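> I'll drop the sequence and a predicted model, then ask my questions.
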Number of protein chains: 2
Amino acid sequence: ESVGFIIEEQDIVGGLESRHNNANDDDTNSESANHRIFGRNRSRRRRKSEELPHQQSVKRFVRLHAPFELLLELAEKTRMKLPIEENRTSSVPKMPFDYLMSWLPFTQIDRTMFPPEQHYFLAEYDKTLRYRFEPLFDTLRGNSRDLYFTPAQRSRLVYDCLLRTPFDTTLESELEEQHVLHGTGDVKERRVLELEKIFTGSSTAAGIELLLRDQVYDDCYPLHAALLKRIEPHMIPSWIMMKGEHRNTFDRMKLWWYWSRISNVLKDQPINHIKDYFGEHVALYFSWLRWYIQMLILPCVLGLSVFFYGLWAMKHDVPTNDICHRLAHTVMCPRSHRQLWTLGEDCLYAKMAFLFDNKATVGYAAIVTVWSALFLPAWDVAEYQYQYEWDTFDLMDGNSGGGVNIDEPRPDFKRKVRTTRINPITGFVEQYMPARERCAKIASSFSVVAMMICLVLSFVFGVVLYRISIKATISSTHTPELVRRYSPYVASITGAFINLVVIIALSSLYERLAIWLTDYEIHRTEKDYENALTLKMFLFQFVNFYASIFYIAFIKPWFANPPGVESYKIGKYKTEECEASGCLAELSIQLLVILVGKQVINNLFEVGMVKFWTYFRRLLVHRNAFKQMRYRRHHTLHWYSKRPQEDDFMLERWTTTTLFYEYLELIIQYGFVTMFLVAFPLAPLCAFLNNIIEIRIDAHKFVCDVRRPVAKKVADIGIWRLIIAAISKLAILTNGLLIALTSDFVPRLVYQYSRSQNRTLTNYVNFTLSAYEINRLSATSLIKFNSTSTYCFYKDHRTPPWDSRPYQTNHDYYVIMVARLAFLIVFEHIVFVCLKLGEVLMPLLSKNVKQQIARKNFMVQTMHWGAHLYA
Amino acid sequence: ESVGFIIEEQDIVGGLESRHNNANDDDTNSESANHRIFGRNRSRRRRKSEELPHQQSVKRFVRLHAPFELLLELAEKTRMKLPIEENRTSSVPKMPFDYLMSWLPFTQIDRTMFPPEQHYFLAEYDKTLRYRFEPLFDTLRGNSRDLYFTPAQRSRLVYDCLLRTPFDTTLESELEEQHVLHGTGDVKERRVLELEKIFTGSSTAAGIELLLRDQVYDDCYPLHAALLKRIEPHMIPSWIMMKGEHRNTFDRMKLWWYWSRISNVLKDQPINHIKDYFGEHVALYFSWLRWYIQMLILPCVLGLSVFFYGLWAMKHDVPTNDICHRLAHTVMCPRSHRQLWTLGEDCLYAKMAFLFDNKATVGYAAIVTVWSALFLPAWDVAEYQYQYEWDTFDLMDGNSGGGVNIDEPRPDFKRKVRTTRINPITGFVEQYMPARERCAKIASSFSVVAMMICLVLSFVFGVVLYRISIKATISSTHTPELVRRYSPYVASITGAFINLVVIIALSSLYERLAIWLTDYEIHRTEKDYENALTLKMFLFQFVNFYASIFYIAFIKPWFANPPGVESYKIGKYKTEECEASGCLAELSIQLLVILVGKQVINNLFEVGMVKFWTYFRRLLVHRNAFKQMRYRRHHTLHWYSKRPQEDDFMLERWTTTTLFYEYLELIIQYGFVTMFLVAFPLAPLCAFLNNIIEIRIDAHKFVCDVRRPVAKKVADIGIWRLIIAAISKLAILTNGLLIALTSDFVPRLVYQYSRSQNRTLTNYVNFTLSAYEINRLSATSLIKFNSTSTYCFYKDHRTPPWDSRPYQTNHDYYVIMVARLAFLIVFEHIVFVCLKLGEVLMPLLSKNVKQQIARKNFMVQTMHWGAHLYA
C-alpha cells in the first residue's frame, strides 16, 4: 500500500479549519524526535486522516498543517527574514521598464485583484526581538496570524522541517529510556547534542527524502488552491475575495483567470502574486521572461524599420536594379551544376538579399549587437531589484535561503554511492564518489555527447549533399525552364525544412539521452546535476540548432568555385556556392524556417503533451479512484468539498527540470535573435510574438497541469547567466563577421569611396564580376546556350584572361580584404568598449535599490543596537 | 593651547599598567553621554594625564585605554567576528605561490619570531552566546584577556567608539535633568531612543571627527610600539619575547628588524604580523605587492630567455646580416633630414631591434599577454584566500566591517556644504550637495584635468620637435661622420631623458593640483574622494607616462615619407620616421629610460622626502619640546619610560592617500610591464628588481616614519581592480598591435611562406625595399655622395619607377596588410578566449577556501541552532 504525502500549507477555506487540526499529524517519528518543534502535536500520533473506502490500489494521503507559532520557530531556525516595519520611503525604486509600461494602459493588470504590494523592511527573526516583529503578526496580510506567512513561505518552512525531522525511531526511544533511567540533568544535555546533530549534519538522511527514496511515499507536494473553471473570479463578491481569511483561497483562480488565459496576452504579469503562490524560483522565471520581452521591443522596432526601409529603397538601389535590368543579360559562367546563365536569373535572390542587407542593416546590427552586449548588465539591474524586493540579494551560492548551509546530496546519490569519506565541512561521515571514478563517468558521458554532436554535424552535411544533388538533378536533366530557374529556392527551402525536422527529432531523442547520461554520472547535489544537464543539453542544442546556420553564414561563402581555378569538391560534385548576390538571402531563409518552425512546433508540443499525459495518467493508473472521484464530484453541493490532494496527484510531477526546459527554449531563441541579426532583422519580432504567447502557455501549465512546487528562494538565474554572457560575446563576433565578410556592405563602401568617380554604386556589379573565356569551358556547359559572347563572368575579384597572370586574385580583392578585416576590428572594439562602459555604468541604475538596501541594513542595525539598549 | 589626541590601544609594557588605568579618560562628554559603553569610567572625569611642564606651545596628549569588557561590548555592537573554535582541519588552504616559496628555503621568514598563525572559526560575537567564546578569552593570544584583541582590532574598536561618542553635552545634561525630575520609567525610554539615535544617525557629527575638525585636537592616532634601534630583537631573551604579556610589545621591533631592513630583501614578508600590527588595509597592500612580485617571475624568466635567444640568434639572422654586411652598401634615399645614405648605417639599430623582436618575442608576447589577462582572475584567487583568512569576505562596499552601515561624510564635506536634505537611508537631516552643483564642480575640475593632459601632449609634441630638429641640425651642418652616423641614437636617448624629466616634473606639479581639485569638488564620503582622486591621478599619469610611448609605437610607424610621394610635414620639417629596421628599437630605448629612470628617481624621492620632512618637523615646529625630550631621553635609564605619543607625533601623519600613492606607482609600473612587452621584454625584470626593494622601502616608511594608522578592514584593493582590468584589456590590444603592425614578424612570415622559394629569409631585405630614381631627388640631398647608382631605395612596398603606375602601394603591401590584420584578429580572439577560460577556471583554485568558508558557516549555524536548544 503506497501512500502519497502532501504538505498542506494553507487553509483552503475557513470552513475546513476543524478538519485540518485533525489532519495535523504526519509520520510518527518526525514529530516525536524533534519534540521542541513538533511538540504541540505530540499527543496526536499515528492518526491517519481521510482513509478512503476499502478499495484496492488506492492512494492514501497524509496532510500536514503547521500552526503559526511552529512556523515562527522554524523561521527563526532557518534565519528567515520577516518584516519589521513598513517602508514608507517615497523613493521605492521602479523597474527600468515600468515607465514604459505605464504609458501603455492596456498592459496594466487589474489592481483591485492584484493590489500593489506594500514594502517592508525585513530582518532575520529572533526570539529576543519578538517585540519588534509582533505588531505585524496580525495585520500583515489580513486579519489573522495564519495569513502572516505567504503560501510559498509556508511550504518552504514545512518542507525544510520535514527534511530534517528524522524518520529513524531508535534514537528517540533510546533517549526516552535514558530519560526514565537517569533523570533529567545528564539526559537533557545529551538530548540537546543529539538534536543539534539532527538539525545540522545528517539532516536529510533522516527526513522525508528517505521515505521518498524508499517509496514509502510517492511524492510530497504542497496543495494547490481551489480552481473552479466554471466560476469566474469577478463573479465572487469582492467582500469574500478580499476578506482577510480568504486571502489565499482564490489565489489560483485569480492567476488562472487574469494571468494564464490567452486573452491576457497583452497584459502585464502579477509577478508578486506568482511569487507568493509558487515561490521565488517560478516568479524569477516569469520576471526574466517579462524583462526579455520588454528588451525585445527595441530590436523589434528597429528590425521592422530596416525591413521597410529595404522594401522602400529596393527600387532605388543601383546594384539590384543592375542585376535585374541593366545587366540582366550578362552571360554568367556555370556554377556548381548549372549551365551558362544570365545575371537576371539571380534577380529575386538579389532583391531578397537587399531587403535584409542594406545600409540600414549595419546601423541596426551595430545597435543591436551593443544591445545584446548590454543585455546581461541590464538584466543584472532588473535582477538586483527583484533581489531587493524579494530579499534574496544576500543568498550566496550554496545558501538555500535559510537552514544549514550545506548542499544536500541527491537521493539518487545516496542510493547508488557506496564509498564514504569524512565531510571536510561538517566532519560527519558521508557518501562520496572518488574523483577518479567521477572523472571516468564524466569522460565517458561526454564522449557520448561528442558522438551525438558528430551525428548532428553529419546530418547537416547530409542536408548539404541533398541541396547539391537537388540542384544537380534539376540542372542536368532537361527540366522545364521555370523549375530550373527557381531550383536554388526550392533547394534552400526544402533543405531548411528537412533540417528543421532533423533538428526536432534529434532534440527529443537527445533529451532522454542527456537525462540518462546525467543520471549515470551520479551527481552529488541538485545544483551539480542541473549544471551538468544544462551544459550537456546546451552544448548539443547549440550545435543542433546553429550548425547549419553557421555553415551557411561562415563556411559556404569561402567555397567559391571560379571556373578557371581548381575548386573544392565533395566526391564528384563541386561544393555549393552562394548565389551572385551573396549568401545572406539563403541564410535568411534558413533562419526563418528554423526559428519560426521551432517555436510553433515547440508550443504545440508543450500544450499537447502535458494535457495528454495528465489525461493518460488519470485514465490508466487510477482508473478506479478517478471514477469514484468523478462520481463524487458531480454529487457534491459545495465546490470546496472535493479532495484537493487527489486532484493534484493527477497532475504532472514538479521536477527540477521543469523550469530548466523553459529556460533552455528561451536561451536558444535568444541565440537566434542576437547572433544572426544581420541575416534576419525580423527575428526579434518573431521572438517577441512567440514569447508573449509563451508566457500564457507556461502560466497555464503551471497553474493547471503541474503539481504545486515547494517554494524555493533563488537569487539569480544560475548557470544560464554564463550561457547568456557567452552568447552575447559570440554575437559580437558573428555579427561582425556577417557584416564584414558575408554581407556586401564593405565591398560597396570600398567601391563607393575608392573606385567610383562620383561616389555612387553605378557599375558596382561590374566591379564584382570577373571575366572568363567561354571557349575554355567544357562542352556540356554550353548546351542550349546561344550567344555570341567571348567571355562569361563570375563573381570574384580576379585578373582578367588578358592579364599577364590571368585568373589570380587581383589588387581589388586584397583592398577589399583589408577593408573587411579593418571593419571587423573596429566593429568589435567599438562594441567591446560599449559593453565595458555599460558594465560600468549600468549598475548606476540600481542606485535607488542600493539606497533601499542600505536603508534596510540601517534599520536592522538600529534594531540590534536598540535591542541591547532596551535590555 | 592645542591638544594632541592619541588612542593607545595597547599596553606598552606591563609596568605601565597602573598609569594607563589613570589615563583612561578622554574628553568629558564622550564617556558620560554613552554611559552604557563608558559606564565603567564614569567616575573618572576631567582628569588630564601627563601634562608636560610649564612651557609655551607644548602639546598635550590624552591617552585612552579600553579594558577588555568594554572592547567586548564594542565588538558586539559593531558585529565584529571573534573566534569560537580552532580550525584543526588538515586541509587549511595554501596560497597558489606558497608551494613555489617552499622550494626556496632562503625566502622563509624566521618562524620562531613570526610563528604561523593558528586558524579559528569566527562568529559574530553575541552576549547570549558568550559561553561559546569564553574558553578562548584567556588563551587565544597569550595568557591574558588584554591580549585577546590584536592591536589592530583594538585601534579599530576604540576609534569606532570615539567616532560615535558625542561631544555635545546638551543632550546628556538634559537627559540627566529629566532623570531627576520625572523618575525612571519614561526617562529611561527616552534616553534609550536618544542613545539609539547617537549610535546610528548622527554618529560622527558628534564624535572625535568634530573635535578634529574644530582643531581642538590635532590628530588622533594609535601609538606605535616601542622601537629601539640599538637593541636587536634576537638579543632579547626569548622568554621575554614570547611571554604572553609581552606579546605585542616587540611587534614593531620585530617588523623593523626582520621585515623593513634592506638585508631582508630576499625574505618573504610576515603578512599576518603586519595585519595584526597595522590592520588589514596595510597588510593587503603588502600582500598584493608580494603576489605581484611572485607573478612577475614567469615573465622575468621568459623575458631573459628572449633576450639571450636574441643575442645568440643575431649572428644567424639573415636580414640583420644583410643589413650589416651583404647589402650594407645599398644606396638609400634621404629620410627626414639626411642625405643619401647606405643601409649599413642602420646596422646597430637593426641589431637592437632583433634583440627584442625575434621569433621568440611573439611566443613570449602571446604567453605574457595571456598572463596579464589572467592577472586579475589569479589575484582574485589570492585575494579570496586573504578574505577568508582575515574574515573580510563578507564585507560589501560601504560595509566598513562592523558598525552602522552608512558612509560617513568627510569632515571637509560637513564644514563646507550648507544645503541640507533628509537622508533617504537614515531619515535624518544631513548636509547635501545638489546634483547640479556637484556636476558643475566635477565638470570644471575635469576640464582642468583635460587641460593638463593637453599640456602633457604638447610636451610630448615638443620632444618630437626636439628630436626632429636635432636630427636636422646634425645632418644638415657639416658634422663629423661619426656624429652624423649616431645621430638617431643621440636623438632618441636625449629625447627620452628630456621626456623623463618633463614627466617627473609634471607629475609632482599635478599631484598637488589633483588634490586641490578633488578638495574643491567636495566629495561626501572618503570613498568618493579616493575614487575621484584615483581617476584624476590615473588619467593624468597614464597620459603622462604613456603618451610618448604610444606615439612611438603606434603613430610614428605611419609617418613614412617615401621620396616620390607627398609626405607629412610639421611646419617646414618633414615628420619623423623610423629607421629602416622598424620603430621597435627606438621604442625600447624610450621604455628603458622611462621605466628605469622613473623607478630610481621615485625610490630616491620616497626615501629622501619622508626623512627630510620628519627631520624638518622635529627641528622647526617643536624645537623646544624636542630639545626637552632629547634631554630626557639621554638621562632616563629605562628605554620604555620615554613618551611614545610625543615620538609618534613627530612622524608623518597617516592620510587616506598614503597607501594610494604606493598603489599608483605600482599600477603605472604594471602598465609598462604588460602593455609594451614586445618592445622591451626585460621590463618585467626591471619591475621585479624594483619591487623587491620597494617592499623594504615602504616597510621602513610605515614602521619608522609614519604614524600608526587606525586599522581598517578592507576586502579588496578597491578601484585599482578596475584599473588593472582596464590595463590588462588594453594590453591585449597594444601587444597585438605591436606584433601585428609595428614589429617585423608578420612581413617576415608572409615573405617566408608566400614569396621565398626555399622558405628562408634570403632577400627579405630586398623585399622590404622599393626603388626610386636618384636623379629626381633635389640637389641638396646629393651633397657629398659619390655613387654611380641610378636608383636609391626606401623602406616601403611600392611599385618601382619602371612600373606603369610608379610609386603606388603595390600588391605585397596589401597582402602584408591582410596578414597583419588577420594576425591581430586571431591574436586578440585567442587571448580573449584564454581570458574567459581563465575567468571561469581560476575560481576552481579557490575550492579549498570555499570549503573552509562553508565549514565556518556550518559551525556558526550549528552554534545558533545549538544555542536555542540549550536555552
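Looks like it arrived, so ask away.
> how close does residue A:150 sit to residue A:526?
In this structure, residue A:150 and residue A:526 are 23 Å apart, going by C-beta to C-beta, to the nearest Å. Every residue, glycine included, has its C-beta placed from N, CA and C.
> now residue A:129: how far from residue A:860?
10 Å.
> Please settle this for me: is residue A:82 part of a strand?
Yes - counting by DSSP: H, G, I helix; E, B strand; the rest coil, residue A:82 falls inside a strand.
> On the strand side of things, show who it bridges to.
residue A:123 (DSSP bridges).
> which ones are touching it?
A:75, A:122, A:123, A:124, A:125, A:133, A:136 (C-beta atoms under 8 Å, 6 or more residues apart in numbering or on different chains).
> hmm, back to that, find the residues that touch each one of residue A:129 and residue A:860.
By C-beta under 8 Å, 6+ apart, the residues touching both residue A:129 and residue A:860 are residue A:123.
> related to what we said a few turns ago, okay, residue A:150 and residue A:526: which has more neighbours?
residue A:150 (23 against 18; other C-beta atoms under 10 Å in any protein chain shown).
> can you pull the contacts of that one?
A:141, A:248, A:275, A:276.
> now, which of the residues you listed sits nearest residue A:826?
Set against residue A:826, the nearest of these by C-beta to C-beta is residue A:275 (45.0 Å).
> packing partners for the helix or strand hosting the closest one?
Residue A:275 is part of helix A:271-278, with elements assigned from DSSP states H and E. Applying 3 or more C-beta pairs under 8 Å, 6 or more residues apart in numbering or on different chains; DSSP states H and E, one finds that helix A:271-278 contacts helix A:151-164, helix A:251-255, helix A:280-313.
> and those, which is most packed in?
helix A:151-164 (a mean of 24; mean count of other C-beta atoms under 10 Å in any protein chain shown).
> Give me the contacts around stretch A:494-501.
A:459-460, A:463-464, A:466-467, A:470, A:548, A:589-590, A:592-594, A:597-598, A:601.
> How far off centre is that stretch?
Centroid separation for stretch A:494-501 versus its chain: 25 Å, with C-alpha atoms, centre = their mean, to the nearest Å.
> do the same with stretch A:141-161
For stretch A:141-161, the distance to the chain centre is 29 Å (C-alpha atoms, centre = their mean).
> Residue A:224 falls within a helix, correct?
No - Residue A:224: not assigned to a helix; according to three-state DSSP it is coil.
> Could you tell me how far the closest residue to it other than its chain neighbours is located from residue A:288?
Closest residue to residue A:224 apart from its sequence neighbours, by C-beta to C-beta, 6 or more residues apart in numbering or on different chains: residue A:708 at 4.8 Å. Here residue A:708 is placed at a distance of 20 Å from residue A:288 (C-beta to C-beta).
> Then residue A:67?
36 Å.
> swap in residue A:797?
47 Å.
> Quick check: chain neighbours aside, which residue is closest to residue A:540?
Residue A:540 sits nearest to residue A:510 (C-beta to C-beta, 6+ apart), 5.3 Å away.
> how about that neighbour, what does it touch?
A:452, A:537, A:540, A:541, A:544.
> What helix or strand is it located in?
In this assignment (DSSP H and E), residue A:510 forms part of helix A:481-521.
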